[in-house]
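>>> what shape does this take:
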Amino acid sequence: MLYRVEGIVIRSMDYGEGNKIVTLLTETNGKAGVLIRGAKKVKSKHASLAQPFTYGEFVYFRTSGLGTLNHGEIIESYHVLREQLELAAYASYAAELMDRTTQDDEATGFHFEQLKACLAALALGKDAQVVIHLYEMRILDLSGYAPELDECVSCGNRVGPFKLSAHGGGILCGRCTGKDTGAIPLGEGAYKLLKLFRRMDMRRLGSIQVKPETKAELKLCMRKLMDTHLGLQLKSRSFLDQLDKLL
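Coordinates of the predicted model:
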């Protein structure tokens, strides 16, 4: 069967002497593995279609399992995300996170739009850490683990200050913080941003200026939520952590 889809390359690997296999996150057909023959050759007309983060139209034939590319056109190459080390690290994390949290046959229209918006925001030079934390919140939401941030998950109190309990699935008020000794104190700035991220579509993200100390709080909160509810060991995140130490 011949498929014509819009897709984003979220994984690319060598296959044989001159070929590549890419994993596409498609707008309409979930994830798809596609063989691109000759993609490793310098003069291949399809080499650019096998590059990570490429957004394009892919026409491939598949009966079952792996598809074979017939034709493709690049819509947006996102080449800047491959040329700058820090952007490449963040984009790789976004792609790997989507790959690991999405099933092959899952409806992916909204997933696709969120990843595309994430890559576009990174390419436009928006604060990469803020972009990624918003994206992580969308991944938590799509996976069914978005935290409760409007009221205490224990007693329903809406008056702060609050702490974030990843294990409890949301915030705890001052009366209930003893129920999770590992709960993270929330500054006003970090709490407001978490609430904003909880409801925001990636496509609506504008330019946000965030203080370094607030970003540090956000990272701690999102890391705790991601590790508690998804528990994924991602090579791209380990590389990001190493890069942060160097920078």
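>>> relative to its centre, which residue of the chain is most distant?
Distance from the C-alpha centroid of the chain, by CA atoms, centre = their mean, peaks at R175 (34.8 Å).
>>> which residue ranges of the protein form strands?
Counting by DSSP state E, the chain has strands at residues 2-15, 19-26, 31-36, 55-61, 67-76, 162-165, 170-173, 184-185.
>>> just want the angle from the fourth one to strand 2-15.
Following axes from the mean of the first three to the mean of the last three CA atoms, to 10 degrees, one obtains 100 degrees for the angle between strand 55-61 and strand 2-15.
>>> L232 reaches L97, doesn't it?
Yes. Taking CB atoms under 8 Å as the definition, L232 is a contact partner of L97 at 7.4 Å. From N, CA and C alone the C-beta is placed, and that goes for glycine too.
>>> now the helix or strand of the chain with the lowest mean pLDDT - C-alpha only, CSV.
The weakest-scoring helix or strand in the chain, judged by mean pLDDT, DSSP states H and E, is helix 235-246 (a mean of 91). What follows is helix 235-246, C-alpha atoms only, in CSV (Å, rounded to 0.1, in the frame of the first residue of the first chain):
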residue,chain,number,x,y,z
LYS,A,235,20.7,9.1,26.2
SER,A,236,19.8,12.5,25.0
ARG,A,237,18.9,13.7,28.5
SER,A,238,22.2,12.4,29.9
PHE,A,239,24.0,14.3,27.2
LEU,A,240,22.1,17.5,28.0
ASP,A,241,23.1,17.1,31.6
GLN,A,242,26.7,16.8,30.7
LEU,A,243,26.4,19.8,28.4
ASP,A,244,24.8,21.9,31.2
LYS,A,245,27.8,21.2,33.4
LEU,A,246,30.2,22.3,30.7
